[in-house]
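# here's my sequence, what's the structure:
(chains A and B)
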Amino acid sequence: MDPHELTRILFQDFPSWEVSFFYLVGFAAIGSFIYGVYREVRKYLRGVPDARVVWDYAHIKQGMIAIATHRTLVRRDPYAGIAHRAIFYGFGVLFIGTSIITLEYDITNRLFGLKYWYGDFYLWFKLAMNIAGVSLVGGLIYMMVRRGWIKPPKLDYARPDRAPDAPDYDRSNYRIEDWLFLWILVIIGVSGFVLSGARMIWLADRPEVWDIRWWSPVGALFAYALRALGLNAEGAVILRQLIWWSHGALALTLISLIPYTKAKHIFTAIVSLVVRDPLPAQRLPKVPEGQEQIGYRFLTDMSWKQLLHLDACTKCGRCHEACPARTTGGPLSPRDVILSLRELANSALEYSAVPEQSKLAMHGTGVGQVSSETLWACRTCMACVEICPVAVEHVPIIVQMRRALVEEGDMDPLLQKTLQTIHKSGNSFGESRRKRGGWAKVLPFPVKDARKEPVDVLWFVGDYASFDPRNQKVSQAFARLMHAAGIDFGILYDGESNAGNDIRRVGEEGLYEHLAESNISAMQSADFNRVVTTDPHSFNTIKNEYPDFGGQFEIEHYTSFVMNLIEEGCLTVKKQLGHRVTFHDPCHLGRFNKGYDAPRKLLEAIGCELVEMKRCKDNSFCCGAGGGRIWVPDPVGSEKPAQNRMREAATIEGLEVYVVSCPKDLTMFEDALKTTGYEGKFVVRELLEMLEEALEINLVEAEVTA
Amino acid sequence: MKILIAIKQAIALDEDFEIRADGRDIEEDFFLPDLNEWDEYSLEEAMLIKERHVDTSVEVVCVTIAPDSADEALRKCLAKGADRAIRVWDDAMEGSDPVAIARALAAVAKKEAPDLFFAGVQSSDHAHGATGIAVAGFLGWAHSAVVARLDYAPGAKEAVLKRELEGGLSQELRVPCPAVLTIQLGINKPRYASLRGMKLAAAKPIETLESSDIGLSTNDCGETGSLSRVRRMYVPEKQRAQILAGDIAAQAKALAAIIREATGG
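So this is what the prediction gives:
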């Protein structure tokens, strides 16, 4: 057989008006697509430039890897991830296939008389299209089963931030869109196979069609099935014509609708992943020099990238599920913040002119607006940002909106009081500055004043570790541990102020700048080689944010610092504790700075049996203290995040110790242990205190002082 | 219309403070200065009048009689929305008591000619509770102290206000304007002045005047212009209490011994 005969004749037996009509529809679809893309791009460009966006090889590469591997999509929802991968690759291959045909028919053949879509290439092409079709339809069917029968709660679109009678509470339009999108795709996929089968019956007498039928195995199966249902060659001609048009019309409809529907995530998600910020919540945006108004009030205050984020969201609900505020009944779902703002942007920024400011206002309780209760419910734990498969960065948007609230003074009176206290005394306890180093006085050795003499290690103590009586004990333990290891260390005494991490996350940027500048200048006038801290909050801001203010310091959290001391032999484990423990990853150490391993290694080194909670490491559940929420009481009667966490820990059989490695965690969880009634069942302990016991530091100390 | 507000940079004390060498005040190192708490409320009350009547122009002017260390308190007021800030000081004013301060404030009021003059009921450090009412005395204006609610529309000939009295009583009265009112805590919810707001307010000017600029002579100022003078400041000795044990006779004997010891007999 002549290999040139092995091909598919396009528009076979079509009258010319039908072909012309098809082209007309095709161009209309492309026109609609292009206009829609223009409209969306215009919408995004109504945001301000984003100085943090970098278009370089590394960013593009990591984005492309994320997309190709679906790494972000399989997390915590592996089946949905696999199904999406099947749809993505199926759709991708089918799209490339169609493009290959178009390229030959409309370009290379028309212009140069060049043909390539025949013979062996054609056969392998058919097989590939069949596999891709199966992959697409299979993935779609799973998604339908998931939406229709499995019904995971995160997909029910229930809003915690609106009363059911609010005009934008109802999300049924989203549901209709979801189903329509699935059905259109599934029909396109299945009709492709039916079309292939019908063509085989219609042209069954031609060996160049029938003899190669098994190169399109699914098409062939459809042919046999249609035949069994009584379809003959004459019927097949009619069926083919019907299906050809519906398949084509649907495919073109889909293309024309992409920029107007959730299908736009095909593009927005790709860009979002490419321009993702490696430190979205860890390093919050600095206010540009000379900018007077700070924070977000109007949609046009957002950056183009953030406006694009709003459209990248596919409502998958992973953030909704991970959010500690939402989990404990707070009026916040990160997903709904994004969707509200998206709805607002779509109603305000998609038209030829930007409307008056009142239509762009982001704050409020109106349709598409975000209320202050919602914004203040956030604990900036970053669980939402971390799990978002399309790299939506919720936390910077929330903090920017809070900055505007702070300027307006729209905040809890207690929080306002705390901010004033911190401004006045440099710490949230309202204690005298002079007492900051008071905890060190009870030690049997002097703790050096790093402002007065050079030290190897500068210990940045932080507020809770300095002033909270329970945490002072932990600070003393760490001092004894460093002393025993022979570390030359010192502290800044009253030269140190609150590091500002949580103040920045509250949105009091001016106070943060003040604190950061004061600490940086105190640190820069001291002579030291590196910094250590027991406080993950201070750790985060000094490591990631102080550089933006001119403070470059090498800083370590005590967990990795002590692990190194043990590995280097400066400290020896003398006693195996043998407890059955679980470990709580502090947000600012774990999720923020990927410090998952050191504390676990330490627990192993001191002979503890670690049983992980279901929500651990990147999915660790916030204690509720972040984002300044430690200064704002939770509503009476509702479950606190820390209590929710205690209940989770309590499900571990035979748990003895709930291990923490953050001063705020110690405070929050010791309290929650009492209020949940698990006191006596297990204890909350700071890892440092366990280390002191296992390293028998107290005994060493006795020898030193004796 | 114009509202003039007397404000004060009040001082809170750090723990373990020390008395100044001359024994008449606290060593400055232990000062934790901040805007007097009552003044936050009087400023807020003025701001509310300004904001509730956007159609009429209401000028809110803050004035303090203090050295430049009080600029920070004025900036806080500017950050919260005050239109102007005036600070009057020269060396001759050192040692002024509330009456001397009030004389200076009254002189500023004559110059500014406000429709209302607000002061806090008292200051959180010295707590004389005298300054505002003394200003009314110097000006000969109507006045009312410890105002807990105020109804006033710009341009009105009088202000309607509520005072809270002891024993759960309230008093409602009308005061003809211009008037001096001292404002009580709780009359409103003072707004937050963000640090950025304060930094931006640093760019706004503070009008600085000397006593001569407001028509005062050196005799009107400082200790010579004052009716009182601080003799000494001290921490009172801690009182002791003890329970006397034993029967009546033994208790009486012990008591007599204590009296003898205390009287030096």
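# now the host helix or strand of residue A:99: buried residues?
Assigned by DSSP states H and E, residue A:99 belongs to helix A:78-102. Across helix A:78-102, burial judged by 16 or more other CB atoms under 10 Å in any protein chain shown covers A:80-91, A:93-94, A:97. Where C-beta positions appear, they are placed from N, C-alpha and C, glycine not excepted.
# same deal with stretch A:243-257?
A:243, A:244, A:247, A:248, A:250, A:251, A:252, A:254, A:255, A:256, A:257.
# please identify the helix or strand for the fourth one.
Using DSSP H and E, residue A:248 sits within helix A:233-257.
# relative orientation of that helix and helix A:78-102 in degrees?
Angle, helix A:233-257 to helix A:78-102, by axes from the mean of the first three to the mean of the last three CA atoms, to 10 degrees: 110 degrees.
# mind listing what the residue of the stretch 151-265 of chain B found nearest chain A touches?
Nearest residue of the stretch 151-265 of chain B to chain A (CB to the nearest CB) works out as residue B:195 at 2.8 Å. With contact taken as CB atoms under 8 Å, 6 or more residues apart in numbering or on different chains, residue B:195 is in contact with A:423, A:508, A:509, A:510, A:511, A:513, A:514.
# what's the closest non-adjacent residue to residue A:79?
Excluding its sequence neighbours, the residue lying closest to residue A:79 (CB to CB, 6 or more residues apart in numbering or on different chains) is residue A:142, at 6.8 Å.
# check the burial of that neighbour by counting its neighbours.
Other residues within reach of residue A:142, judged by other CB atoms under 10 Å in any protein chain shown, total 18.
# and residue A:231, how far is that from residue A:195?
Residue A:231 is 13 Å from residue A:195, where distance means CB to CB, to the nearest Å.
# thinking again about what came up before, ok, which of the contacts of residue B:195 also contact chain B?
Applying CB under 8 Å from any CB of the partner chain, the subset of the contacts of residue B:195 adjacent to chain B comprises A:423, A:508, A:509, A:510, A:511, A:513, A:514.
# which of those residues are buried?
For the ones next to chain B among the contacts of residue B:195, a neighbour count by 16+ other CB under 10 Å gives the buried set as A:423, A:508, A:509, A:510, A:511, A:513, A:514.
# if we take the residues you listed, which one ends up nearest to chain B?
Distances from chain B to these, taken by CB to the nearest CB, are shortest for residue A:510, at 2.8 Å.
# for that closest one, which non-adjacent residue is closest in space?
Nearest to residue A:510 is residue B:195, by CB to CB, 6+ apart, at 2.8 Å.
# against residue B:60, how distant is the one you found?
Note on residue B:195: its distance to residue B:60, by CB to CB, is 21 Å.
# then residue A:210?
Distance of residue A:210 to residue B:60, computed by CB to CB: 92 Å.
# residue B:151 too?
In terms of CB to CB, residue B:151 sits 18 Å off from residue B:60.
# ditto for residue A:247
Taking CB to CB, one finds residue A:247 at 72 Å from residue B:60.
# residue A:549 too?
34 Å.
# could you do residue B:240 as well?
51 Å.
# and residue A:491, by the same measure?
Noted for residue A:491: a distance of 45 Å to residue B:60, by CB to CB.
# residue B:240 and residue B:60: who's more crowded?
Taking neighbours as other CB under 10 Å, residue B:240 and residue B:60 compare with residue B:60 leading, 24 against 6.
# which strand or helix spans the more buried one?
Here residue B:60 is assigned to strand B:59-65, by DSSP H and E.
# for that strand, what is the distance to the chain centroid?
Between the centre of strand B:59-65 and the centre of its chain there are 13 Å (CA atoms, centre = their mean, to the nearest Å).
# buried set for it?
For strand B:59-65, burial by neighbour count (16+ other CB under 10 Å) applies to B:59, B:60, B:61, B:62, B:63, B:64, B:65.
# closest to residue B:98 out of the residues you listed?
Each of the buried residues of strand B:59-65 was scored against residue B:98 by CB to CB, and residue B:65 proved nearest at 10.2 Å.
# quick one, what contacts the closest one?
B:87, B:88, B:89, B:93, B:96, B:101, B:104, B:105.
# can you do 10 Å?
By CB atoms under 10 Å, 6 or more residues apart in numbering or on different chains, the contact list for residue B:65 reads B:6-8, B:86-89, B:93, B:96, B:100-105, B:107-108, B:131, B:209, B:211, B:214, B:221.
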